[in-house]
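[1] Coordinates for the following, if possible.
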Amino acid sequence: MKKVLLAIAAVATITSCSQNEEFENPSQQAEIKIGTTAVTRATVMETNDFRTFRAFGYAFDSSSEYGTATAGTKILDGTFNSADGISWGVDGNHKFYWPASDKVIFFGYSPEVSNEGDTYTYTAGYPTIKYTINSTIATQTDFLVAKTLGMTKTPEGKVSLGFNHALTQIEFKLKGDDNDVIYTVTGLNLKKIMKSGTYSYEKNEWVADVATDDYTMGVLSATVTGTTPVELVANTQLMILMPQTLDGASVEVTYSAKKIVDGKEVILVNEGTTKTAELTGTWNVGEKNVYTLVLKAGDQIQVSGNIEKEWTPKSDVDVPVENDAPAA
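    Numbering: from 1, shown residues only. Presented below is the predicted three-dimensional model:
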């Protein structure tokens, strides 16, 4: 999936069918039908990439409220796929049915977790997901999660799953500190960023692991003219990372700077120069954080002037006055 920001509402039509005594006996059975609608959140949105999600449903006693200790009975567990984003089917052609009287709580996520060690876990109450951010920026994905409150069967048998952003998006902008200077950025590295964590459906929060990673951006010799900001929003530049409180994080920028004086090029910052800036604060679930990096045009020459209070002393010179003045 291309790294984009999505807000998806997935509608699952769950129609009753007589399978055992726990379910009501309808006149006919129907398969689950999946449909999606999308709301754009950013200019880089590409809803065509939303093609799969996992969904789970747990039945519980309708006379009680769902809580952290509630042990629901799993009645839905499937991976839903679509070739066009309109018509959806479930892997294995499974069918799922409403219980006769119990309420059902639903959870979902997209895309499928694929990194080794990443898991969805449910024992009781609310599930958790272990997730790891891809090290390569271009392959990072917009991980989405969804949950409903306890529901009973609707007249149409439909369940609306609203998927929300579970991670945080990071964008960098570049600008200089002098309008007359041309800056060329050839590298940008984000360092000591927590790379994995466990998401809680109950709190909509992550507990980040201590392990960190560095993320190298493909800047491709970005040219910055003066103080006008340049956005880095290419697929190899826009990052989707783990929500966390930054601790020792930094960004390294490799760049050069030059100025044209009387038609001649004056190098102010040599090629390959790397400068570092510390990053602080907290990245929260679903937030977009934008950092503007201000590049220095080298060490400025400071010119000042003053008037000396004392003249330089010199030996006195005797000059005889004895000649007649010239006639007028």
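[2] Next, the contact list for Val253, please.
    If you count contacts by Cβ atoms under 8 Å, 6 or more residues apart in numbering, Val253 has them with 174, 185, 187-188, 274-277, 293, 295. Placement of C-beta: from N, CA and C, glycine included.
[3] Any of the residues you listed buried? List them.
    Buried by 16 or more other Cβ atoms under 10 Å: 174, 185, 187-188, 293, 295, out of the contacts of Val253.
[4] now, which of the residues you listed lie within strands?
    174, 185, 187-188, 293, 295 (DSSP state E).
[5] mind listing the strands for the stretch 51-200 of the chain?
    Taking DSSP state E, counting those that start in this stretch as the test, the strands found in the stretch 51-200 of the chain are 52-60, 73-82, 88-90, 103-110, 120-121, 128-132, 144-147, 158-165, 168-176, 182-194, 196-200.
[6] wait, which of the ones you listed is closest to Asn306?
    strand 168-176 (31.7 Å; Cβ to Cβ).
[7] What pairs with the closest one, parallel or antiparallel?
    The strands beside strand 168-176 in its sheet (DSSP bridges) come out as strand 230-232 (antiparallel), strand 239-241 (antiparallel), strand 288-295 (parallel).
[8] pLDDT below threshold where in the stretch 51-200 of the chain?
    Scanning the stretch 51-200 of the chain for pLDDT under 70 picks out 85-86, 155.
[9] out of everything not next to it in sequence, what's closest to Gly78?
    Val90 (4.3 Å; Cβ to Cβ, 6 or more residues apart in numbering).
[10] Met242 touches Leu167, doesn't it?
    Yes: counting by Cβ atoms under 8 Å, Met242 does reach Leu167; the two are 6.6 Å apart.
[11] more neighbours, the two?
    Legend: neighbour count by other Cβ atoms under 10 Å for Met242 and Leu167, higher for Leu167 (26 against 23).
[12] Next, work out how far apart the residue positioned nearest the centre of the chain and Pro243 are.
    For the chain, the residue nearest the mean C-alpha position is Gln169 (1.6 Å; Cα atoms, centre = their mean). Distance of Gln169 to Pro243, given as Cβ to Cβ, to the nearest Å: 11 Å.
[13] Overlap in contacts, these two.
    Contacts common to Gln169 and Pro243, judged by Cβ under 8 Å, 6+ apart, are Glu287.
[14] in the chain, which strand has the most residues?
    Per DSSP E, the chain has its longest strand at strand 264-278.
[15] That one packs against which elements?
    If you count contacts as 3 or more Cβ pairs under 8 Å, 6 or more residues apart in numbering; DSSP states H and E, strand 264-278 packs onto strand 182-194, strand 250-261.
[16] Starting from that strand, tell me which strands it pairs with and how they run.
    strand 250-261 (antiparallel).
[17] Let me know the angle separating the strand it pairs with from strand 182-194.
    180 degrees (axes from the mean of the first three to the mean of the last three Cα atoms, to 10 degrees).
[18] and strand 250-261, which residues are buried?
    250-251, 253-258.
[19] Just send the residues you listed back as a markdown table, with pLDDT too.
    Shown next, in a markdown table, are the buried residues of strand 250-261 (pLDDT from 0 to 100):
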| residue | pLDDT |
| --- | --- |
| Ser250 | 95 |
| Val251 | 94 |
| Val253 | 94 |
| Thr254 | 95 |
| Tyr255 | 95 |
| Ser256 | 95 |
| Ala257 | 95 |
| Lys258 | 95 |
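[20] follow-up on the earlier one: correct me, but the residue nearest to Gly78 touches Leu76?
    No: here Val90 lies out of contact with Leu76, judged by Cβ under 8 Å, at a distance of 9.4 Å.
[21] out of these two, which sits in the busier spot?
    Taking neighbours as other Cβ under 10 Å, Val90 and Leu76 compare with Leu76 leading, 23 against 20.
[22] That one contacts Phe107, doesn't it?
    No: taking contacts as Cβ under 8 Å, Leu76 lies outside contact range of Phe107: 9.6 Å.
[23] before we move on, back to that, out of the helices and strands packed on strand 264-278, nearest to Thr236?
    strand 182-194 (10.6 Å).
[24] For the stretch 201-328 of the chain, give me the ranges with low pLDDT.
    300, 304-305, 308, 328.
[25] State the distance from Tyr66 to Asp102.
    Taken as Cβ to Cβ, the span from Tyr66 to Asp102 is 11 Å.
[26] shared neighbours of these two, which are they?
    With Cβ under 8 Å, 6+ apart as the test, Tyr66 and Asp102 both reach Phe60.
[27] would you turn the strands of the stretch 51-200 of the chain into a markdown table with distance to Ala211?
    Formatted as a markdown table, the strands of the stretch 51-200 of the chain follow (distance: least, Cβ to Cβ, whole Å):
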| stretch | distance to Ala211 |
| --- | --- |
| strand 52-60 | 25 |
| strand 73-82 | 28 |
| strand 88-90 | 35 |
| strand 103-110 | 22 |
| strand 120-121 | 19 |
| strand 128-132 | 9 |
| strand 144-147 | 22 |
| strand 158-165 | 22 |
| strand 168-176 | 17 |
| strand 182-194 | 7 |
| strand 196-200 | 6 |
